[in-house]
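Engineer: Need coordinates for the following:
(one chain, ligands or ions: 1)
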Amino acid sequence: MSHHIEEMKAAHRLLAEFTYERYPVQRGYTNRTLYINLSDSTIASKPVSEEMKEKFTGGKGFGLWLLWHGIRDTTKWNDPENEIIISAGPIGGITTYPGTGKSLVVSLSPLTDSVMDCNVGGYFGPYLKFAGWDALEIQGKAEKDVIIFIDGDTGRITIEEAPLEPVDTHLLTDILVQMYGGDDHHARRAISTVTAGSGAEHTRFGCLNFSWYDLRRRAARVKQAGRGGIGTVFRDKRIKALVVKFSDLKADSNGPADLARLQRVGTKMHKEIHDYDDQQCGMRRHGTAYLVGIMNDYDLLPVHNFRYGSHPDGHKIDVRVWDARFTQGVPDGCWYGCTLSCSHAVDGFTLRTGPYKGQKVIVDGPEYENAAGLGANCGIFDPDYILEANFYCDTYALDTISIGTSIAFAMECYEMGIIDKRATGGLDLRFGNAEAAIEVIHQMGRGEGFGTIIGQGVRRMKKIFVEQYGADPKILQDIGMEAKGLEFSQYMPKESLAQQAGYGMASKGPQHDEAWLIFMDMVNNQIPTMEDKAEALHYFPIWRTWFGLCGLCKLPWNDIVPPDNALTDEPTKIPEHVRNYVEIFSAVTGRQVTSEDLLLMSERVYNFQRVFNLRMGFGTREHDKIPYRAQGPVTVEEYESRAERYDKQLKALGYDVEKMSTPEKVAALRAYREKQYEELMDAVYARRGWTRNGVPKVETLQRLGIDYPDVVEIVRRAGG
Ligand code: SF4
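Structural biologist: Below is the predicted model of the structure:
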């Protein structure tokens, strides 16, 4: 350890210490959670009841359950009683099946003022469990910056005041793995950290960076719990870092009931990835960046704040460019045993701007969302800019999805004359101006200038532009790509009604991890009727919720499929992989389950999260609405850019388009599409067992076994 790091460590002041006996994990659970209150430096162990496991499974389910009991109806994101909960879920940490190391993070969000959840890679969640804890629940606020250290090797937990370490992730993570892991590179693999960065302090969309130590690179790398500003909550609590240490990882560390059964399923899946990934998505070679070109080809890549779905310069940021930049040319996984290994990186990238100008750094990614959001949606098709922005977003801890959508919105407002250089502090925020965009990101890191306004997110920017610059609220509502206060992720939903509802009805806001139905709906026409779409919007959000209960990555479910999948009855569900998950869950927990049982686990938590939104003052039909930019062309220019497509649709509806002006056509198409969206909401609510106002009915709660008195009371008050 360098002298410099020793000095930082010597400056730590011990605030609290807690020792415990570490038991082996039993069938995926440790049966206790760790509670920390930073206001009074409490550290305590809480039991996990059988009911908690039965009803909420783990991961996001545990997070929601603990948060529900930890806060009041009136709690705001920056109140001390707000919590950050991290949990791996019962399957999280097995090393025999790909994509099994995810941590689930839950908190109240500074963007939505309601409950938020994120699914993130890195080693923290599994190590936390193997260190003895099914979940970490942090409440309260520290007075000064602290590091929480969970030493699973010795059974000791400390809260330490830590004044000297820098905050930005790439520096801090590197220091912490040396400080707590020592000089041996193998020993450093036993360390995982959670950090935020300076941008999280000055915006509402701060993310959390979860680390793992990359032995080949001999460097720490990070994955992001990106959505909804949980990094902002983290810094508001004055947490500088969480550190967990666990040195004794083995194939049976998760205590599975039947290790041999687990290994059989895993071996089959590893072979499938080995044999077919190259022919299918090529995740091992390209990561998710392969999607840029495909989305551009299908008119689904958001360009200029979701005005358009493709751009002639799209090829400048497509997979060929990233393949040439990804350094090692070998698969990179974010947890042991993930043969799908999509976590690519660019090494030795020399920064051209900002406080770390001139440094050579590792850029994690870019992933699809980074290239699409930071690049195409802002009209920037410069790979060097995308890498630079990607790096700074990570080290400042800024959610690349929210930042891409927020900068794109500000750029459109600037081009429309809604704001000008007086508002932007002199920044020429035209689409395509990479120099201005990177300066916005640095301003978020420094906490100054127009960057901090953009850092409030689209919903609050709309309010500021109306109040301070006299903007028309209606046009801002139409083009501001947020719902529930969260910025849209980077898929163009205009031509897919099912995807529009997938975004609009998602519990936490418009993120694609609940329902990604664009291809099924628009490209492959597999769900043509309202009923088909409603069924998909019932099944897929519930199915995908299950990954978040168990600590799993969704990618190995459907980014690779068995070669005969198309011949099955329900190819969109990937039946063979669902059977794998049934096997895995049964083998880990010893509970012999069916695929229906897995869905029931998810449906329970899914409905509980809806009621949680109700409890916080949201969660009804009006909160499932989306801006019209997500549904169709807002402006004449947008309509005319795809006039052939839209005219054809109007003709099919019986309109005589030859006699209509473009504004008339825009209005007619809008009336039709908005009506369709309302009809689909009705169909989905009915399928889910909710009222027409989107409230789960009491009988639905009873069927799911979550008819607790306080839950029923909230639903009754909302008319359920
Ligand atoms: S598929 Fe990618 S994101 Fe998922 S666990 Fe594997 S490496 Fe991590």
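Engineer: export the helix or strand bottoming out on mean pLDDT in the chain as CSV, just CAs?
Structural biologist: In the chain, no helix or strand scores lower on mean pLDDT, DSSP states H and E than helix 283-286, which sits at a mean of 80. Only the C-alpha atoms of helix 283-286 are listed here, as CSV (Å, rounded to 0.1, in the frame of the first residue of the first chain):
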residue,chain,number,x,y,z
MET,A,283,-22.7,-10.8,-26.7
ARG,A,284,-19.3,-12.3,-25.9
ARG,A,285,-17.7,-10.4,-28.7
HIS,A,286,-19.7,-7.1,-28.9
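Engineer: immediately after it, which helix or strand?
Structural biologist: Counting by DSSP states H and E, the element after helix 283-286 in chain order, helix or strand, is helix 291-297.
Engineer: Now do that following helix: which elements does it pack against?
Structural biologist: helix 368-370 (3 or more CB pairs under 8 Å, 6 or more residues apart in numbering; DSSP states H and E). C-betas here are computed from N, CA, C, even on glycine.
Engineer: Report whether the helix it packs on contacts the ligand.
Structural biologist: No. For helix 368-370 and the ligand, the contact criterion (CB under 6 Å from any ligand atom) is not met; the two come no nearer than 12.0 Å.
Engineer: Correct me if wrong, but residue 221 is in a strand.
Structural biologist: Yes. According to DSSP: H, G, I helix; E, B strand; the rest coil, residue 221 belongs to a strand.
Engineer: Isn't residue 291 up against residue 368?
Structural biologist: Yes. Counting by CB atoms under 8 Å, residue 291 does reach residue 368; the two are 4.2 Å apart.
Engineer: Give me the buried positions along the helix with the most length in the chain.
Structural biologist: The residue-count maximum for a helix in the chain (DSSP state H) belongs to helix 662-688. By neighbour count on 16 or more other CB atoms under 10 Å, the buried set for helix 662-688 is 662, 665-666, 668-670, 673, 676-677, 680-681, 683-685, 687-688.
Engineer: which regions of the chain lie under the pLDDT threshold?
Structural biologist: Residue ranges of the chain with pLDDT under 70: 328-331.
Engineer: residues from it in reach of the ligand?
Structural biologist: So far as CB under 6 Å from any ligand atom goes, the chain lies against the ligand at 98-99, 121, 333-335, 338, 340-343, 553, 555-556.
Engineer: and the angle for the helix or strand harbouring residue 544 with helix 662-688?
Structural biologist: Element membership of residue 544, judged by DSSP H and E, is helix 530-550. For helix 530-550 against helix 662-688, the angle by axes from the mean of the first three to the mean of the last three CA atoms, to 10 degrees is 60 degrees.
Engineer: tell me what helix 530-550 is packed against?
Structural biologist: helix 60-70, strand 115-120, helix 497-504, helix 575-589, helix 595-615, helix 662-688.
Engineer: Which positions in it come out as buried?
Structural biologist: 530, 532-534, 536-550.
Engineer: hang on, residue 194 in a helix?
Structural biologist: No. Under three-state DSSP, residue 194 sits outside any helix and is assigned strand.
Engineer: picking that back up, mind listing which of the residues of the chain next to the ligand are in helices?
Structural biologist: Counting by DSSP H, the part of these found in helices is 555, 556.
Engineer: Could you identify the most distant pair in the residues of the chain next to the ligand?
Structural biologist: Using CB to CB, the pair of the residues of the chain next to the ligand lying farthest apart is 343 and 556, separated by 13.3 Å.
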